[in-house]
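Undergrad: Prediction below, plus the sequence it came from.
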Amino acid sequence: MAVDMKINLGRSEWSTRVAIWLVLSGPVRVSDAASLTQRADAHAVPLAVEEEVSVDPLFKEPYIDIDEWRDVPVRHRYVHGGFRGTQTRFSFYFPPKDQYQGRFVQHITPVPDNENLAQKVPPGEYNKVGFSIASGAYFIETNGGGHLDLGKAAGPQADSTITAYRANAAAAQYSRAVAMKIYEGGRPFGYAYGGSGGAYRTIGSIENTRGVWDGVVPYVMGSPMAIPNVFSVRMHAMRILKDKFPQIIDAVEPGGSGDPYAGLNEEEAAAFREVTRMGFPPESWFGYKTMGIHGFSALYQGVVMADPSYFTDFWTKRGYYGFDHPESFEGARLQIESKVASLVTVAEAVRLRINLDASTGEDRGGVDTAFRVPLGEEAQRVVGFRLAEKPPKIEIMGADLIVQTGEAAGNTLPVSRIVDGIVVLGTADKSIAAKIAAGDTVRVDNSNFLAAQTYHRHQVPGSDYVVWDQFRGPDGKPLYPQRPMLLGPLFTKSAAGSLQSGVFEGKMIVVESLWDREAFPWQADWYRSLVKKHLGEKADDHFRLWYTDHALHGDERKIEDQTRVIAYEGVLHQALRDLSAWVENGVEPPASTSYRIEDGQVVVPDTAEMRKGIQPVVHLQANGGVRAEVEVGEPVAFIGSISVPPGAGYVIAAEWDFEGSGEFPAKEKIADCIKAGNRINVRATHAFSKPGTYFVALRGTSQREGDVATPYACIRNLDRVRVVVK
């Protein structure tokens, strides 16, 4: 089968200064499926496993070791295999012939992981297999070339193009040969989607190949300057503003003062202004207690290895915050030396209810969970240490455990937190942790971690990154000393195989969240500018950008606060369906979201007609405003509206949450919602039995066909008002 697949086969160039790997492209390791024995289901049509379909010589010998029919989550034919001589494994989920419509959907995880993730998800909205088959497609997932152990440092032998796109491309190409044999049809259309690090890999995939994917949906994407800068600026604000977040949140909530700077001192106001101008959505600070440091837990050591002199310069040279403002770090810097009293295993940490999530405080393969420590896999794995000398009570977001004596002497492991005198490791090399014994001397020091929190000031890129203008003087030159290199592009290239160019063949729909803390929303517009530069007036023939309001970064089932935020899974579903209709039948999807960017913030119009995109717009008032003050037992009149942008579908649900439970127990009649079409107005009255401040929420849901029974492509939004009950 002739396939035009243009792939860069060259190995990554390595130098001493970048031999960090930057975490996302280390030596690939065998996934759990490597031990599977080759077998075939007696009821399946025998499949050719030796057919050579890839022009990539590394993946010239595909094989199949499982071929069987399954009934969960829906009826499908499961095919598992890999490529001989590599660690790449794949899973294909084929629908019955009468449900197949000639396409596949492939999910790309943030980091290479496991090819069996989808089958572990319960049936419903988040089940990728069920969605794909309901959309007339078979589903593909791979281990991305081999599961990465994020705790281990990578070496210069790693080839980032394998994990970035070559393994996924080879699996996609081979799946076509299998599908054509099963269905006896022509070439299937192919679509890939991935979020966060998976967005880097998705964009890198379509930009570096030809003839593999016909379209892609990157979501919650970053720019080449995202890492480590979106995390460093956020952590600086978290440290400086930790005692002021309640008043900041109250100010930006509905019915608040609208002035988050009120009551802040000079340093606090500067930190809040800095992080906001860099793109952090102010409304998203509501999760400050639990958001943690996210992917920085896995990226931090890469920064230290890439630019070690920075962490000395920070404390010793003018122009760096540690030297210029030592007063800012009084009571924040932890430097202690102690002997290890005992080891803490996974089992004991669970018993003590110590959070082992290195990034914060179930799902794997999600954009928020890819960096988390998996539980239950190795009960005796060492994850922390009791120290003979109890550490002082200093709140830290991260630190280093420097081993000074014993078998592991000379090694440094990341620390995520200290709980009741127990030093809890972050994303660490478990083989090194296992060498540390009681009686060994260690040093716990968060100096480097503190220094990392203003690293973004010393990474000023070109003028196309306008959020960095705050760090440039009137002459356009940086205000602070600059490091010898920009790390962000190195991280991006390692993840995606190349830097984003905006040059691709096919169609693309980008889905971005307006409340995203980890991939600031302006970055999707930055990529859109590359596409426009390349395609000019034809950009709309190939590209859409849809912003999702009240949505965070994560794509997992658990929603952080359902009265504040919504899941964007339904937007992804509709984007993939619209993408296939666009590619296969020339049906143009709804227009890109209308927006403007002001001081790093993406601002969208107030009405669905003007905002466009595909998400409904919800408006709510209490007694005629966004804030109502009443007595206990006094009825409050609520008026709301739910509007769907032109061509984006029908309202199928309207739900109320009056008491802040997150359960939305009061529901409007579904038939009334559907009958109203793409806009409904709702009214409700509620009286509160206890004094307090309540945030009442109205949540609306739309669906393109008005299907109230399907769990797929249901798109939500909400609005809230404040009720003060005296």
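TA: Here it is on my side, so go on. Numbering: from 1, shown residues only.
Undergrad: gap between the nearest residue to D259 once chain neighbours are set aside and F280?
TA: Excluding the flanking residues, the one nearest D259 by CB to CB, 6 or more residues apart in numbering is A251, at 5.6 Å. Using the backbone N, CA and C atoms, a C-beta is placed for each residue, glycine as well. From A251 over to F280 the distance is 15 Å, taken as CB to CB, to the nearest Å.
Undergrad: do the same with V111
TA: According to CB to CB, V111 and F280 sit 23 Å apart.
Undergrad: Could you do C673 as well?
TA: 35 Å.
Undergrad: Tell me which other helices or strands the helix or strand bottoming out on mean pLDDT in the chain touches.
TA: Among the helices and strands of the chain, helix 670-676 carries the lowest confidence by mean pLDDT, DSSP states H and E, at a mean of 73. Using 3 or more CB pairs under 8 Å, 6 or more residues apart in numbering; DSSP states H and E, the elements in contact with helix 670-676 are strand 650-657.
Undergrad: how far is the strand it packs on from where the chain is centred?
TA: Its chain's C-alpha centre and that of strand 650-657 lie 27 Å apart, by CA atoms, centre = their mean, to the nearest Å.
Undergrad: and D32, what pLDDT?
TA: According to the prediction, D32 has pLDDT 30.
Undergrad: How about A153?
TA: At A153, the model reports a pLDDT of 51.
Undergrad: who has more neighbours, A251 and F280?
TA: Set side by side, A251 and F280 show more neighbours around F280, with 24 against 16, by other CB atoms under 10 Å.
Undergrad: Doesn't that one lie inside a helix?
TA: No - per DSSP: H, G, I helix; E, B strand; the rest coil, F280 lies outside any helix segment and is coil.
Undergrad: Which positions in the helix or strand where E207 lies come out as buried?
TA: Element membership for E207, per DSSP states H and E: helix 197-208. Across helix 197-208, burial judged by 16 or more other CB atoms under 10 Å covers G197, G198, A199, Y200, R201, T202, I203, G204, S205, I206, E207, N208.
Undergrad: swap in stretch 466-474?
TA: For stretch 466-474, using 16+ other CB under 10 Å, the buried residues are V467, W468, Q470, F471.
Undergrad: do the same with stretch 484-496
TA: Using 16+ other CB under 10 Å as the test for burial, stretch 484-496 gives L486, L487, G488, P489, L490, F491, T492, K493, S494, A495, A496.
Undergrad: Let's see which of the residues you listed end up in helices.
TA: Taking DSSP state H, the ones among the buried residues of stretch 484-496 that sit in helices are L487, G488, P489, L490, F491, T492, K493, S494, A495, A496.
Undergrad: State the pLDDT value of the closest residue to the first one other than its chain neighbours.
TA: Beyond its immediate neighbours in the sequence, the residue positioned closest to L487 (CB to CB, 6+ apart) is A306, lying 5.7 Å away. A306 is assigned 93 on the pLDDT scale.
Undergrad: distance of A306 from L425?
TA: 21 Å.
Undergrad: So between the two, which is more surrounded?
TA: The neighbour comparison of A306 against L425 (other CB under 10 Å) goes to L425, with 27 against 21.
Undergrad: For that one, give me its contacts.
TA: A358, V382, V383, G384, L401, L413, P414, V415, S416, A433 (CB atoms under 8 Å, 6 or more residues apart in numbering).
Undergrad: Same check on F286?
TA: F286 makes contact with I249, E253, D561, R564 under the criterion CB under 8 Å, 6+ apart.
Undergrad: Could you report the distance from it to I249?
TA: Per CB to CB, F286 is found 5 Å from I249.
Undergrad: cool, H76 as well?
TA: Look at H76 and I249: by CB to CB, they are 45 Å apart.
Undergrad: for the stretch 301-450 of the chain, what spans make up the strands?
TA: 335-345, 382-387, 399-403, 412-419, 422-425, 441-445 (DSSP state E, counting those that start in this stretch).
Undergrad: Mean pLDDT for these - can I get that in a markdown table?
TA: Putting these into a markdown table (pLDDT from 0 to 100) gives the following:
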| stretch | mean pLDDT |
| --- | --- |
| strand 335-345 | 94 |
| strand 382-387 | 93 |
| strand 399-403 | 95 |
| strand 412-419 | 91 |
| strand 422-425 | 92 |
| strand 441-445 | 96 |
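Undergrad: Figure out which of those is closest to G506.
TA: With CB to CB as the criterion, G506 lies closest to strand 412-419 of the strands of the stretch 301-450 of the chain, at 39.7 Å.
Undergrad: List the buried residues for the helix or strand hosting Q173?
TA: Element membership for Q173, per DSSP H and E: helix 167-183. Applying a neighbour-count criterion of 16+ other CB under 10 Å, one finds 167-180, 182 buried in helix 167-183.
Undergrad: which helices and strands sit right next to that helix?
TA: Helix 167-183 is packed against strand 62-70, strand 76-83, strand 89-94, strand 103-107, strand 137-142, strand 189-195, helix 197-208, with contacts defined by 3+ CB pairs under 8 Å, 6+ apart.
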